[in-house]
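[1] Sequence unavailable; structure follows:
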Ligand SMILES: [Zn+2]
Ligand SMILES: [Zn+2]
């Protein structure tokens with residue numbers, strides 16, 4: 001898959017945003033302006049001055065829209081949602097080499113509000129995944145008690161868990177214990193059979 005470093009960064013930010021929702025995290029991870037501000041700093045989001053309560057409400061709304069695209073039932077539906085999203089915020093492709101980064105594309109309109117900025121950048125990143133025919137890489141963690149989403153950028157599309165250190169490790173331990181239990185069970189059965197045949 002042809003996916004640039006910028007798209008990869010945008011997808012990382014998208015996943016981080018989606019995983020802040022109360023449905024995923026148990027409680028709202030962006031409850032106030034300070035949390036949103038920290039998200040902006042952590043995500044290294046450029047050209048954002050200050051964050052207001054209006055931005056917070058708009059980002060919460062956007063998060064739901066992005067989730068609808070991420071979990072859309074078909075590429076057709078996802079494509080229509082991406083188109084509507086980026087059109088609504090007047091996405092404006094322009095080349096830039098700000099802050100010593102190499103030349104790359106910004107899609108948000110100059111001076112766009114935070115939610116519009118994110119809608120353009122994250123919407124386009126999703127659009128690039130659709131263009132590449134790689135929608136199946138948009139995944140939900142397979143651990144039964146985990147609702148986090150992730151983008152599987154592994155070469156063979158084999159990633160199953162949101163994070164190999166937490167969920168992946170946890171599930172491997174659970175599978176190992178289950179194997180041990182069933183091995184112990186079949187050993188017990190064998191003993192019975194032996195007893196029966198002897199008796
Ligand atoms: Zn940039
Ligand atoms: Zn997980």
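    Received, thanks. The structure displayed is predicted, hence computed values, not measured ones. Ligands and ions are numbered 1, 2, ... in the order given.
[2] Can you say which helix or strand has residue 176 in it?
    For residue 176, the host element (DSSP states H and E) is helix 169-198.
[3] now do residue 139
    Secondary structure (DSSP H and E) places residue 139 in strand 138-140.
[4] Which neighbouring elements make contact with that strand?
    Helices and strands touching strand 138-140, as assessed by 3 or more Cβ pairs under 8 Å, 6 or more residues apart in numbering; DSSP states H and E, comprise strand 149-151. Heads up, the C-betas are built off the backbone N, CA and C, glycines and all.
[5] Touching the strand it packs on from outside, list them.
    11-12, 14-15, 18-19, 24, 67, 70-71, 129, 137-141, 159, 161-163 (Cβ atoms under 8 Å, 6 or more residues apart in numbering).
[6] now do stretch 43-60
    Among residues not part of stretch 43-60, those counted as contacts by Cβ under 8 Å, 6+ apart are 13, 16-17, 30, 32-33, 36-37, 40, 98-99, 106, 108, 110-111, 113-118.
[7] ok, 6 Å please
    Defining contact as Cβ atoms under 6 Å, 6 or more residues apart in numbering, one finds that stretch 43-60 is touched by 13, 33, 36, 37, 40, 114, 115.
[8] contacting residues around stretch 75-91?
    Under the criterion Cβ under 6 Å, 6+ apart, residues 65, 68-69, 72, 107, 109, 116, 119-120, 123, 126-127, 130, 135 lie in contact with stretch 75-91.
[9] hey, where'd the strands end up in the protein?
    Taking DSSP state E as the criterion, the chain contains strands spanning 94-96, 104-106, 138-140, 149-151.
[10] now for those, which one comes closest to residue 178?
    Closest approach to residue 178 among the strands of the chain (Cβ to Cβ): strand 138-140, 21.9 Å.
[11] Phi and psi next, for residue 154.
    phi -70, psi 150 (degrees, to the nearest 10).
[12] mind listing what it touches?
    When contacts are taken as Cβ under 6 Å, 6+ apart, residue 154 is in contact with no other residue.
[13] Next: residue 17.
    residue 63 are the contacts of residue 17 under Cβ under 6 Å, 6+ apart.
[14] Point out where the protein drops to low pLDDT.
    Counting by pLDDT under 70, the low-confidence segments of the chain come to 1-2, 188-199.
[15] 90 instead, please
    1-6, 46-47, 49-50, 98-102, 110-111, 155, 163-166, 168-199 (pLDDT under 90).
[16] Enumerate the residues of it near ligand 2.
    For the chain, the residues found near ligand 2 under the criterion Cβ under 5 Å from the ion are 141, 143, 146, 148, 162, 167.
[17] which of these sit farthest apart?
    That would be 143 and 148, which, of the residues of the chain next to ligand 2, are the farthest apart (Cβ to Cβ) at 8.5 Å.
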